[in-house]
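# what's the 3D shape of this:
(chains A and B)
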Amino acid sequence: MEICVCIKRYPSLGSAIVLTEDGMAIDTDKLGFTLSPHEECAVEAAVQLKEEHGGTVTLVTLGPEGVEEQIREQFAIGADRAIWVRSETTDVDPQAAAAALGDAIEADGTAFDLILLGSESADNANAQTGVRLAHRLGRPVATAVKGMTIADGTATVERAVGTMREVYTVPLPAVVTVKDGLNIPRYPSVPGRIKARKKPIEEVAGNLADPRIELIGLTVPVRESKGAQDLGAGDEAADALVDVMKQIGVLS
Amino acid sequence: MAEELKAPTSAKCVVIGAGIVGNSIVYHLARLGWSDIVQVDKGPLPNPGGSTGHASNFIFPTDHSKEITQLTLESVRQYREMGVFTECGGIEVARTEERMQELHRRMQSAKSFEIEDTAMLTPAEVKEKVPYIDEEVILGGFWTPSVGVVDSLRAGTIMRERAQEMGALSSLPNTEVLDIEVTDGKVSAVVTDRGTIETDCVVVACGCWSPRIAAMAGAAIPLTPAVHQMKDIGPVPFFADTKGDIEWPIIRDMDTFMYERQHGTGLEIGSYAHRAILYEADEIPSNEQAALSPTEMPFTQEDFDLQDEHAMELMPDIVGDENIGEKYACNGLLSLTPDGAPILGETPEVKGLWSAAAVWIKEGPGVGKAMAEWIVEGEPEIDLHGADIARFYEHQKTREHVVARTSEGFIKTYGIIHPGEQWTANRNVRLSPYYEQQKALGAVFYEAAGWERAFWYEVNAPLVEKFGDAVMPRTAEWDSRWWSPIINAEHLQMRETAGMIDLTPFAIFDITGPSALDVVQRTAMRQMDVAIGKVIYTPVLSPRGGFKSDLTIMRLGKNHFRVVTGGAHGMADRKWFADQLPADGTAQLQDLTSSMTTLGVWGPNARAIVQSLTTADMSHEGHPFGTCRVIEMGSLRVLASRISYVGDLGWELYLPMEQGAKLWDMVWEAGQQHGLIAVGVGVYGTTGRMEKGYRAYGAELDTEYTVVEAGMAPKKVKEADFIGKEAYLKHREEDPVALMCTLSVTDHTSSSGEKRYMLGMEPILTLDGAPITDKSGRRSFVTSAGSAPSLGKHLLMAYLPPEHAVEGKELLVEYLGERYPVVVDRVGATPLFDPNNERIVS
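Numbers count the residues shown, from 1 in each chain, chains lettered A, B, ... in the order given. Alright, predicted model coming up:
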């Protein structure tokens, strides 16, 4: 089974976000990067399918220098190869991103049975790229999936809608966008890390179309919290603690 | 909700930092009777986000440094008392023969510094203790049963709460220090975002943020935040049944600069093997900005790639298990200093501003105790000269120096560092006026306090042949690393004719003014109210009567004294003297280190050489020993001081730095017909002084030994009061429990038939191999070792208890895993070479 997973890195944030001077992006100078939980679940699902059905897991990502780090991380989990579409930033208009990913997948030529994405990125959360990519490739798409089995050329997927559960079947090849909770992603092992170093990353130039939506700017909301407060110690702290519990609704 | 915390308006002392160091200090200050202590940290309690919070928390007690080992042992004692120490044992394993030798050297240091029950293990014995290692990878191990793991956050909380229970402390978490105010060179207030606290005592215990905080007051704490990588893998099936934090011995894989420790059901793998990854204090994110904590920076896997493989080699069953995942990994920040030692003590820039930085978990509570003693009582019990913040020269405080040296030093965290090893980064900072002449003579330069010092001269190589076996050649690589037989050849030639020695690195400062005599009297043990022109060698005592320093003071005028001291310790001595200056300004200290140079000329022909360059009377009567005066040498006016640290007749010639080169050429030329050679510091610092039994500060002399024990007490005690006098008088009344002795090695032959030469710090043992401890609990070990070419002996200096301090007494010294017979040649300070000093005083 040939599976493709599209991943996108984003900065691993603390509780306070610092913006660049022009207010157009997050200042990532002191930050590490990671994948959104949705995408980690997508890679885990792909690796589990490979373990079950055989085949290869190909990662496709769009981004600047440094994304190899996230690629190697997912190689360590069990992905086999990667296509890296070079771009100056990961902040790409969803239509342009889907087009570039689609180009790369087509150019690669692998007949992917299944293309997985996170349902939305953790930073921009447009929830569009998967759908637009399916359209670009002319494939059916199931979105926001929290359960998936593959049998006889068909994916059976589950979605949570309110308190209900929807179950669909999608014929392969298809695009599926998944949500956190689909599975519990494994941690990379040390031997996985060592193997990851030798796995191939193919670089392709990204031909990004001009964005059709334009970012005007970012602002960080004013935070109310002033950090931890010492309520005292021992019996003396009891009253203050009760007050706090009432305030947050634990006690009435 | 509790009320918003407000800072008190004043405090006896403000301690900035609530990591292991800050918490230890507030407790020990309270224990010593201080109250009204305020502790400030920008982060929350109990883990404010500094290095303590992510520390690996294990403690291997052995270090080649006495003071670091003592701080560690004291810390372990406190951790045990608090019930937060879990003993698990630890093994340092070797993959190479060179490392096996180093492990034997660590055994030596363990014996010298009283770490009990250590042993060398075979690979099979290592495997028995740690079944999950591949014993094929290693050659052996160094076992320390007292290795353990502490809960440093819990320890910090206990100590903080103890201080609070004593009513001595208020802690202000989540409080940012905005400024430190200084008035007339003294600290006066700490400004925080919760208000301003007036105080005349501030302790900076902020780990890797310390440079930023100290800079607010105009002081330098030259450290840099640096990354130490670690990852946690698990759960490990083999550890499924373990209880608590640690049960299995910790492994240090020394040759790969890594460690592996079981941590609950996981295995923590740590590394000091990667490139030096340095930050600036201002680059560290705030608690809010950081994804984990400010000092847990994002892990960079590419720096750990090789370490993954090394860990898998050593512990294939665990690390190589595909089903065991990495649960956590970080680039943890810790503090590195340019010379690797902590930064402790009062800053020389600002009175009342103290530094307690660059301290590891293993030293934390010991440092807390020592700092509190230092602040409250004026002196820590453990000698801390190696960590004293006053040690830094100006250039050593620069960011460039810090970066250069820590980049070079980081990889040596688990390295094999030879006692003579030299730094390569940021050299050629301080050059003596003779530098070019020395280079032309093939000088091999070592560094002392930034100075390039000729250690020996290659041009003297033919002398090795001349003196043959008398140079005591060394065949073993370790013994002869950073050494040359030319040193011993220069020594022998100097004793025959004469040698000139560059002494530019001396720290020189003048004490002047109406109260100058009071200042030097108060500081020096010896009588300073002497005739003008006298040169006095004197111990400088600490309040408890130990050695704060030893140095020479010349009386140049009624109100004018010149202090000359070794370069390595010069800045600390300068602070010590500056601290004794009266507040009314009636005495001043002027630092002449960079404006004066010193050239030593010694040997039987020294008088003929110097006399040929001056019309002044340089005869024994014309210029007696222990006096100084200005003489004309050609067109130069030179302060000639007749003393000797090498055991031969001669002078130290002091003159302005820019005229030094001319003097060198004059002396060189005049000396040619008298057999003069250039002599390096190898003779001055080791062979010459060892033959004369001269003690060196930092080796034989520190605050833990008394003048009586050092055998340096003169018959009379001066009337005038001086620091340490009361203790000194008491020491004179008591029977010393140890005495400084000079021993010689009677058989150098190792089991493989090679002659071996000890380098220092080796334990002295009784004939049945037992370590020797004096009644004060101090071990006997080699404080200095070196050739005595004129005696044909290899000498060792060591303090021995009276029952062993008997001339002719036979003992053993342990060196790199073997024992060699030694004999006590001298008890006390009478030189072995020329005991009546006829060569000097004639």
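
# and residue 101, how many neighbours?
Since you didn't name a chain, this refers to chain A. Other residues near residue A:101 number 28, with proximity taken as other C-beta atoms under 10 Å in any protein chain shown. From N, CA and C alone the C-beta is placed, and that goes for glycine too.

# nope, chain B please
17.

# Spatially, what comes nearest to it if we skip its sequence neighbours?
Excluding its sequence neighbours, the residue lying closest to residue B:101 (C-beta to C-beta, 6 or more residues apart in numbering or on different chains) is residue B:816, at 5.6 Å.

# What residues of the strand or helix carrying residue B:742 count as buried?
Per DSSP states H and E, residue B:742 falls inside strand B:739-745. Buried residues in strand B:739-745, counted by 16 or more other C-beta atoms under 10 Å in any protein chain shown: B:739, B:740, B:741, B:742, B:743, B:744, B:745.

# can I get those in JSON lines with pLDDT and distance to residue B:403?
As requested, the buried residues of strand B:739-745 are exported to JSON lines (pLDDT from 0 to 100; distance: C-beta to C-beta, whole Å):
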{"residue": "B:739", "pLDDT": "98", "distance to residue B:403": "45"}
{"residue": "B:740", "pLDDT": "98", "distance to residue B:403": "40"}
{"residue": "B:741", "pLDDT": "98", "distance to residue B:403": "44"}
{"residue": "B:742", "pLDDT": "98", "distance to residue B:403": "42"}
{"residue": "B:743", "pLDDT": "98", "distance to residue B:403": "43"}
{"residue": "B:744", "pLDDT": "98", "distance to residue B:403": "44"}
{"residue": "B:745", "pLDDT": "98", "distance to residue B:403": "42"}
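
# Which of those residues sits closest to chain A?
Nearest to chain A among those is residue B:745, at 48.7 Å by C-beta to the nearest C-beta.

# I'd say that closest one and residue B:821 touch.
Yes - counting by C-beta atoms under 8 Å, residue B:745 sits close enough to residue B:821 to count as a contact (7.3 Å).

# Spell out the residue ranges of the strands in the stretch 651-800 of chain B.
Secondary structure of the stretch 651-800 of chain B (DSSP state E, counting those that start in this stretch): strands at B:676-678, B:739-745, B:764-765, B:782-788, B:793-800.

# coming back round to it: what residues are up against the residue nearest to residue B:101?
B:101, B:104, B:105, B:108, B:478, B:756 (C-beta atoms under 8 Å, 6 or more residues apart in numbering or on different chains).

# Mind pulling up the pLDDT for it?
pLDDT for residue B:816: 97.

# Contact distance from chain B - what residues of chain A qualify?
Contact residues, chain A versus chain B (C-beta under 8 Å from any C-beta of the partner chain): A:12-18, A:30-33, A:69, A:72-73, A:186-194, A:197, A:226-233, A:240, A:243-244, A:247.

# Whichever of those end up buried, select them in ChimeraX.
Buried members of these, defined by 16+ other C-beta under 10 Å, are picked up in ChimeraX with:
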select /A:12,13,14,17,18,30,31,32,33,69,72,73,186,187,188,189,190,191,192,193,194,229,240,244
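
# can you tell me which of the residues of chain A next to chain B are in helices?
Taking DSSP state H, the ones among the residues of chain A next to chain B that sit in helices are A:69, A:72, A:73, A:190, A:191, A:192, A:193, A:194, A:240, A:243, A:244, A:247.

# ok, the residue in the stretch 601-750 of chain B that chain A sits nearest to - contacts?
For the stretch 601-750 of chain B, the residue closest to chain A is residue B:703, as judged by C-beta to the nearest C-beta, at 39.5 Å. Contact partners of residue B:703, counting by C-beta under 8 Å, 6+ apart, are B:379, B:380, B:383, B:385, B:542, B:544, B:546, B:547, B:548.

# just curious, which of the residues you listed is nearest to chain A?
residue B:380 (31.6 Å).

# Quick check: the closest one touching residue B:371?
Yes - in terms of C-beta under 8 Å, residue B:380 counts as a neighbour of residue B:371; the distance is 7.3 Å.

# Who has more neighbours out of the two?
residue B:371 (28 against 25).

# helix or strand for that one, which one?
Using DSSP H and E, residue B:371 maps to helix B:364-377.

# show me what contacts the residue nearest to residue B:756 when sequence neighbours are not counted?
Distances taken as C-beta to C-beta, 6+ apart place residue B:750 nearest to residue B:756, at 5.0 Å, with adjacent residues excluded. Contacts for residue B:750 (C-beta under 8 Å, 6+ apart) come out as B:756, B:818, B:820.

# Hmm, residue A:24 is touching residue A:214, no?
No - with contact defined as C-beta under 8 Å, residue A:24 does not reach residue A:214; the gap is 10.7 Å.

# So for the two, which sits in the more crowded spot?
More crowded of residue A:24 and residue A:214, by other C-beta under 10 Å: residue A:24, with 12 against 7.

# Contact partners for that one?
Residue A:24 neighbours (C-beta under 8 Å, 6+ apart): A:215, A:217, A:218.

# So what's the residue count around the second one?
Think residue A:217. 9.

# correct me, but it touches residue A:21?
No - judged on C-beta under 8 Å, residue A:217 makes no contact with residue A:21 at a distance of 11.8 Å.

# Residue of the stretch 401-550 of chain B nearest chain A, please.
Chain A sits closest to residue B:403 of the stretch 401-550 of chain B, with a gap of 18.8 Å, by C-beta to the nearest C-beta.

# List the contacts of that residue.
Each residue near residue B:403 by C-beta under 8 Å, 6+ apart is listed here: B:224, B:278.

# Three-state assignment for it, please.
Look at residue B:403: counting by DSSP: H, G, I helix; E, B strand; the rest coil, its state is helix.

# for chain A, what are the nearby residues on the stretch 51-200 of chain B?
Contact residues (C-beta under 8 Å from any C-beta) of the stretch 51-200 of chain B with chain A: B:161, B:173, B:174.

# Point out where chain B drops to low pLDDT.
Chain B contains residues with pLDDT under 70 at B:1-3.

# what helix or strand is the closest residue to chain A within the stretch 551-700 of chain B on?
Residue of the stretch 551-700 of chain B nearest chain A, by C-beta to the nearest C-beta: residue B:571 (35.1 Å). Assigning secondary structure by DSSP H and E places residue B:571 in helix B:570-579.

# which parts of that helix are buried?
Applying 16+ other C-beta under 10 Å to helix B:570-579 flags B:570, B:571, B:572, B:573, B:574, B:575, B:576, B:577, B:578 as buried.

# In TSV, list the residues you listed along with distance to residue B:33.
Below are the buried residues of helix B:570-579 laid out as TSV (distance: C-beta to C-beta, whole Å):
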residue	distance to residue B:33
B:570	34
B:571	31
B:572	27
B:573	30
B:574	31
B:575	26
B:576	25
B:577	29
B:578	28
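
# and the two most separated of those residues?
Farthest pair in the buried residues of helix B:570-579 (C-beta to C-beta) is B:570 and B:578. Separation: 12.2 Å.

# still on that earlier bit, mind giving me the packing neighbours of the strand holding residue B:742?
strand B:793-800, strand B:810-815, strand B:818-827 (3 or more C-beta pairs under 8 Å, 6 or more residues apart in numbering or on different chains; DSSP states H and E).

# Deepest-packed of those, please.
Among the helices and strands packed on strand B:739-745, strand B:793-800 has the highest mean neighbour count (mean count of other C-beta atoms under 10 Å in any protein chain shown), at a mean of 25.

# If you count contacts, what does that one end up packed against?
Counting by 3+ C-beta pairs under 8 Å, 6+ apart, strand B:793-800 packs on helix B:688-691, strand B:739-745, strand B:764-765, strand B:782-788, strand B:818-827.
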